[in-house]
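Visitor: Structure, please.
(chains A and B)
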Amino acid sequence: MASLDDLKKRIASVKSTQKITKAMKMVAAAKLRRAQESAEKGRPYSEKMNNVILNLSNGISDKENAPKLLSGTGQEKTHLCVVMTSDRGLCGGFNSNIIKKAKSYFAKILDEGKELKIITVGSKGNDQLKRVYGDKIIENISFKESKNANYFDADKVGKMVIEKFEVGEFDVCTIFYNQFKNVITQIPQAQQIIPLNNEGEETSSEESYEFEPDEDEILSNLLPKNISTQIFKAMLENSASEQGSRMSAMDNATRNAGEMVDKLTIEYNRSRQAAITKELIEIISGAESL
Amino acid sequence: MSEEFKVEIVNPEKSFLVKDDVSEVVVPAFEGEMGILKDHISIISFLKPGIIKILSKSGDENYYVEDGIVEFKNNNLSILTSTIFNLDDMDKSKHQDLLKQAEVEANKTDINDQSKYLADQKVEVLKTLN
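Guide: Sure, this is the predicted structure:
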């Protein structure tokens, strides 16, 4: 059994860990609020963008000659996966959930005999994926230096994806991120962004638009922007999810540390009492023998 | 009958401006400036670098944009843009920064005609603001 001194030390160490996790929880809570706000503020843009594109693609007369970003290259041989994770750990299952989702998708693609290419955004995803899929990772981006998710960063990723698409490096592009539902629930998502699939979404309005210049030109201008917008949306959702996930993870850790302190304190008290009892018995039996 | 309609400007980070007492908006559409009044036909177009003028009862406002899309439908004008600045808030140094950036871009030789054209536009517009 551990000595009294050892127990005392352990209690102190658990208590200081608890302090750290508690502080991290509060920081995450504050950041979460901000991240959630910006995720909500960013929604109108991506929704509007989607609407316009939907209206446009419905209006397009010549499906054959539609821009490739919309209709695809006509084959599905090479898949590009953009896996978006965080740059920092200690956020519960946040990163593992995305990775798990991505890995099952990778396995499916490889089973079908298709080619796989991976871009990782965020260093944690890269760390976890490079062991198994190291040779498939073609690019690793991380935005450690930018404090909040911003459009400029998303645009960089978007431009890179489009560049690769234009030189024919891949046919289908899917992004992986965590969708923020609430603090305890984040849903890992796989969203296909190239070619754009807008199945099941029909605009109710039959209204015809006037286009200036023509549809094709607007579409080919708009679609690349949409890629960046979708990536930006994913980044916003991701940062809110990360903070939420970290907050609940740290909350759990704080609670566990509290339980541990309680348990250790009881053990400490018991062994102290045992020592006292032992001493008393020794004194009494010593006195009796006289 | 009122001659006013609603305008909404959004950028990726937030809803930039919402106004519903606007009488006219002039946008720098790709093929030339375009004035939009109430009951304009539904239209989708995209923007080149330039100045958005918003005329309303509560005063006129001017914004500098670098790109974007405009959609007008049912007397709702939506402008989606990634770079927008209110001219009133733009000071000299900011202006100089933008101009310098645009000039660097315009002087690149390895860009295609369209981006070259857009960069030239930027320089031109920024110069007139001086």
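Visitor: pLDDT averaged over stretch B:108-127 - what is it?
Guide: For stretch B:108-127, mean pLDDT rounds to 78.
Visitor: so where do the helices sit in chain B?
Guide: B:92-106, B:113-129 (DSSP state H).
Visitor: any chance of the ones you listed in CSV, plus distance to B:Gly68?
Guide: Using the backbone N, CA and C atoms, a C-beta is placed for each residue, glycine as well. Listed next are the helices of chain B as CSV, based on distance: least, C-beta to C-beta, whole Å:
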stretch, distance to B:Gly68
helix B:92-106, 16
helix B:113-129, 12
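Visitor: Point out the residues in chain B that sit beside chain A.
Guide: B:10-15, B:29-31, B:34, B:41-46, B:67, B:69, B:71, B:73, B:78, B:80, B:82 (C-beta under 8 Å from any C-beta of the partner chain).
Visitor: what would the helices of chain B look like in CSV with mean neighbour count and distance to A:Met84?
Guide: As requested, these are exported to CSV (neighbours: other C-beta atoms under 10 Å in any protein chain shown; distance: least, C-beta to C-beta, whole Å):
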stretch, mean neighbour count, distance to A:Met84
helix B:92-106, 14, 28
helix B:113-129, 15, 27
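Visitor: do you know which of those lies nearest A:Gln192?
Guide: Proximity to A:Gln192, assessed across these by C-beta to C-beta, is greatest for helix B:113-129 (27.4 Å).
Visitor: now the angle from that closest one to helix B:92-106?
Guide: Orientation of helix B:113-129 against helix B:92-106 (axes from the mean of the first three to the mean of the last three C-alpha atoms, to 10 degrees) gives an angle of 150 degrees.
Visitor: Using the record, which stretches count as separate domains in chain A?
Guide: A:4-21+A:250-284, A:25-249 (automatic domain parsing).
Visitor: Which of those domains has the lowest mean pLDDT?
Guide: domain A:25-249 (a mean of 84).
Visitor: ends of that domain, how far apart?
Guide: 8 Å (C-alpha to C-alpha, to the nearest Å).
Visitor: ok, and does that domain reach over to chain B?
Guide: Yes: contact between domain A:25-249 and chain B, assessed by C-beta under 8 Å from any C-beta, occurs at A:38, A:41-42, A:44-46, A:48-49, A:51-52, A:55-56, A:150-151, A:154-155, A:205, A:207-213, A:218, A:221-222, A:225, A:229, A:232.
Visitor: three-state assignment of A:Ala275?
Guide: helix (DSSP: H, G, I helix; E, B strand; the rest coil).
Visitor: what sits against A:Ile137?
Guide: By C-beta atoms under 8 Å, 6 or more residues apart in numbering or on different chains, A:Ile137 lies in contact with A:Ile118, A:Ile119, A:Thr120, A:Asn126, A:Leu129, A:Lys130.
Visitor: Give me the three-state assignment for the last one.
Guide: This points to A:Lys130. A:Lys130 - assigned by three-state DSSP - is helix.
Visitor: follow-up on the earlier one: let's see the PyMOL selection covering just the buried ones among the residues of chain B next to chain A.
Guide: With 16 or more other C-beta atoms under 10 Å in any protein chain shown as the criterion, this PyMOL line picks the buried residues out of the residues of chain B next to chain A:
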select buried, chain B and resi 10+11+12+13+15+29+30+34+42+43+44+45+46+67+69+71+73+78+80+82
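Visitor: Out of the residues of chain B next to chain A, list just those in strands.
Guide: B:10-11, B:14-15, B:29, B:34, B:43-46, B:69, B:71, B:73, B:78, B:80 (DSSP state E).
Visitor: would you put the C-alpha positions of stretch B:104-117 in CSV?
Guide: In CSV, the C-alpha atoms belonging to stretch B:104-117 read as follows (Å, rounded to 0.1, in the frame of the first residue of the first chain):
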residue,chain,number,x,y,z
VAL,B,104,1.8,43.9,-58.6
GLU,B,105,-0.9,41.5,-59.8
ALA,B,106,-1.4,43.5,-63.1
ASN,B,107,2.3,43.4,-63.8
LYS,B,108,2.5,39.6,-63.5
THR,B,109,3.2,38.1,-66.9
ASP,B,110,2.2,34.6,-66.3
ILE,B,111,-1.5,35.2,-65.9
ASN,B,112,-4.3,34.6,-68.4
ASP,B,113,-6.1,37.4,-70.2
GLN,B,114,-9.1,37.4,-67.9
SER,B,115,-7.2,37.8,-64.7
LYS,B,116,-5.0,40.4,-66.4
TYR,B,117,-8.1,42.3,-67.4
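Visitor: who touches that stretch?
Guide: Stretch B:104-117 has contacts (C-beta under 8 Å, 6+ apart) with B:Ala119, B:Asp120, B:Lys122, B:Val123.
Visitor: Residue 110 - how many residues pack around it?
Guide: Since no chain was named, I'll use chain A. Using other C-beta atoms under 10 Å in any protein chain shown, A:Leu110 has 14 neighbouring residues.
Visitor: that's the wrong chain, I wanted chain B
Guide: Counted by other C-beta under 10 Å, the residues lying close to B:Asp110 total 5.
Visitor: Low-confidence regions, chain B specifically.
Guide: Chain B contains residues with pLDDT under 70 at B:1, B:130.
Visitor: how does it divide into domains?
Guide: B:5-86, B:91-129.
Visitor: If it's not too much trouble, I'd like the ones you listed exported to CSV so that distance to A:Val82 sit alongside each entry.
Guide: CSV is the format used below for the domains of chain B (distance: least, C-beta to C-beta, whole Å):
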stretch, distance to A:Val82
domain B:5-86, 18
domain B:91-129, 24
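Visitor: now the helices for chain A?
Guide: Using DSSP H, helices in chain A cover A:4-59, A:68-71, A:94-111, A:123-133, A:151-166, A:215-288.
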